[in-house]
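Visitor: predicted model follows, preceded by the sequence.
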Amino acid sequence: MTKKLEDYFKEFEDKVAGIQSIYSVGLAGPGPTRYYIYKSFSLVKGFIKAQHNLKNQRDLWLTIIDLLKDSKVFDDEIKEEIRWELLEIVSIELENLNKYIIRLQLHTQKTKTNKPDAKFNWQGSQTELVYLIEQLYEQGFLSPISQPDKHRLTAQHFTVKGKNLNRENLAKARDNNLKTKKGKPKRGEEIEQIVSAAKNQNPSKT
């Protein structure tokens with residue numbers, strides 16, 4: 001039987017209740033109590049972050065906020081303090097996830113125009129756009145074509161922060177990526193994560 005978020009949270013509550021019993025009889029102080037609760041909560045965090053669907057992750061974090069607020073096992077001063085620390089951690093996770101989702105949406109947002117030749121207005125750098133296009137080809141989202149044709153189509157369909165592109169500069173940007181130590185731009189790993197998340201949500205690309 002597949003475990004759900006509520007199952008992980010119930011296990012977490014059971015551990016919290018057990019830790020409270022130890023503390024109440026003087027076998028553990030505030031420091032160890034905080035450590036064991038945080039360690040137990042890491043299983044809940046791990047379950048949420050393992051979800052490939054980003055919006056599903058966001059819904060689960062929102063559910064955790066409600067579960068933490070309604071939980072009855074935080075019934076002494078130390079545990080109540082830890083509850084609010086956990087809520088703060090969840091709020092930060094949720095805020096970061098929302099920013100990530102927004103960036104993903106904006107990166108490929110089409111400019112608002114009625115022109116039939118409207119282009120996608122990329123909000124990152126030209127180097128990042130070139131790397132994204134390369135990743136889309138490598139991961140099978142686009143059919144293989146020659147490198148010059150990639151640059152031609154990129155210039156045809158994209159602008160960078162409202163500025164038109166040309167094939168020569170795109171080729172230079174790709175060469176500059178290859179010359180770096182990691183072979184990718186500064187935000188290359190973030191781009192890879194975005195493409196990977198999209199691929200995981202599209203079984204035909206796996």
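Guide: Done, it's in. Numbers count the residues shown, from 1 in each chain.

Visitor: got the buried residues for the biggest helix by length in the chain?
Guide: Longest helix in the chain, counting residues (DSSP state H): helix 77-107. Within helix 77-107, the residues that qualify as buried are I78, K79, I82, R83, L86, V90, E93, L94, L97, Y100, H107, counting by 16 or more other C-beta atoms under 10 Å. Where you see a C-beta, it was placed from the backbone N, CA and C, and this is true even at glycine.

Visitor: can you check stretch 157-169 too?
Guide: Buried residues in stretch 157-169 (16+ other C-beta under 10 Å): F158, T159, V160, L165, R167.

Visitor: ok, the fourth one touching A155?
Guide: In this case it means L165. Yes: using C-beta atoms under 8 Å, L165 is in contact with A155, at 4.2 Å.

Visitor: the strands in this protein, which residues?
Guide: All strands of the chain, identified by DSSP state E, fall at 120-122, 158-160.

Visitor: make a markdown table from the ones you listed and add mean pLDDT and distance to R187 to it.
Guide: Output for those, formatted as a markdown table (pLDDT from 0 to 100; distance: least, C-beta to C-beta, whole Å):
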| stretch | mean pLDDT | distance to R187 |
| --- | --- | --- |
| strand 120-122 | 88 | 12 |
| strand 158-160 | 91 | 14 |
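
Visitor: can you redo the ones you listed as JSON lines with distance to V130?
Guide: Shown next, in JSON lines, are the strands of the chain (distance: least, C-beta to C-beta, whole Å):
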{"stretch": "strand 120-122", "distance to V130": "10"}
{"stretch": "strand 158-160", "distance to V130": "10"}
